[in-house]
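Trainee: okay, predicted coordinates and the sequence, questions at the end:
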Amino acid sequence: MISIFQNYGGLLLQGFGQTLICSIIALFFALVIGSGFAILEVMPNKLIHGLAKAYIELFRNIPLLVITMFFYVVIPMYIAKISGFAAGTIGLTLYSSAFIAETVRSGIQSVDPGQMEGARANGLSFWQAMRYIVLPQAFKYVLPPLGNQFINLIKNSSVLAFVAGMDLMYQGNVIASDSLRSMATYLCIGLLYLIITLPLSYYMRYLEKKLAA
């Protein structure tokens, strides 16, 4: 393993950086999009609820690789060429947002309905009540499963390897092919993924205990 780091440190560092950037971008937008669709899903308007549900079910039930390949292969044929990194990041964002939406929705529905009714009675709009009253409580309820979704998102970023996204997995394949040392190479790749996911896992546990207190 040490020799892999010594001989291919540059490629590993590049892959680590690409994986980290992709994960941060996808995490941010998936949380925003997912939270938005979770709110739309609990709205009383049946049309809006139906559209939100359709989005969630669509991206939750199509494999991540299929979504990514759609943006990498189909979109350039008819609209504009995009890089493998961009295609992978968009696919990862849409795929993860559907799962985050369901997680956040369950949190919203766990909040006492009287909280929303009380906020509306005091003059707040639906969106103000959701932003200031309901969502802060909902995120407390769903923090553990939300943390799991974030960790899954980071691991799923390996889909970039299929579209030449220059991520950790892609660079690992290149190194394994060049060095003919597959076991050592993929142990290094696994270790680098742990460097990203373990701190996030421990931080989510810390945050969960702090909020519970």
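Mentor: Perfect, I can see it now. Numbering: from 1, shown residues only.
Trainee: ok, longest helix in the protein?
Mentor: helix 2-41 (DSSP state H).
Trainee: so what does the helix or strand just after that one touch, helix or strand wise?
Mentor: Sequence order places helix 46-60 as the next helix or strand after helix 2-41, per DSSP states H and E. Secondary-structure packing of helix 46-60 (3 or more CB pairs under 8 Å, 6 or more residues apart in numbering; DSSP states H and E): helix 2-41, helix 84-110. C-betas here are computed from N, CA, C, even on glycine.
Trainee: tell me which of the ones you listed is the most buried.
Mentor: Greatest average neighbour count among these goes to helix 84-110 (a mean of 23), per mean count of other CB atoms under 10 Å.
Trainee: taking helix 2-41 as reference, get the angle to it.
Mentor: 50 degrees (axes from the mean of the first three to the mean of the last three CA atoms, to 10 degrees).
Trainee: packing partners of helix 84-110?
Mentor: Looks like helix 84-110 contacts helix 2-41, helix 46-60, helix 64-69, helix 135-141, helix 143-156 (3+ CB pairs under 8 Å, 6+ apart).
Trainee: pLDDT below threshold where in this protein?
Mentor: Flagging of the chain using pLDDT under 70 yields the residue ranges 213.
Trainee: again, only this time at 90
Mentor: Along the chain, segments meeting pLDDT under 90 span 1-10, 42-45, 79-81, 110-133, 136-145, 147, 164-165, 176-184, 200-213.
Trainee: so what angle separates the directions of the longest helix of the chain and helix 143-156?
Mentor: Comparing the axes of helix 2-41 and helix 143-156 via the same axes, to 10 degrees yields an angle of 130 degrees.
Trainee: and helix 2-41, what does it pack onto?
Mentor: On a contact count with 3+ CB pairs under 8 Å, 6+ apart, helix 2-41 meets helix 46-60, helix 84-110, helix 143-156, helix 168-179, helix 182-212.
Trainee: tell me the most buried of those?
Mentor: Highest mean neighbour count of these: helix 84-110, a mean of 23 (counted as mean count of other CB under 10 Å).
Trainee: skip ahead from that one and say which helix or strand is next.
Mentor: Downstream of helix 84-110, the next assigned helix or strand under DSSP H and E is helix 113-121.
Trainee: show me what counts as buried in the following helix or strand past that following helix.
Mentor: Later in the chain than helix 113-121, the nearest helix or strand by DSSP H and E is helix 126-129. By neighbour count with 16 or more other CB atoms under 10 Å, helix 126-129 contains the buried residues A129.
Trainee: for helix 126-129, name the packing helices and strands.
Mentor: Here helix 126-129 touches helix 113-121, going by 3+ CB pairs under 8 Å, 6+ apart.
Trainee: next, the buried residues of the helix it packs on.
Mentor: M116, A119.
Trainee: OK, contacts around the closest residue to S35 other than its chain neighbours?
Mentor: Nearest residue to S35, sequence neighbours excluded (CB to CB, 6 or more residues apart in numbering): V104, at 5.2 Å. Counting by CB atoms under 8 Å, 6 or more residues apart in numbering, V104 touches G34, S35, A38, A138, F139, V142, L146.
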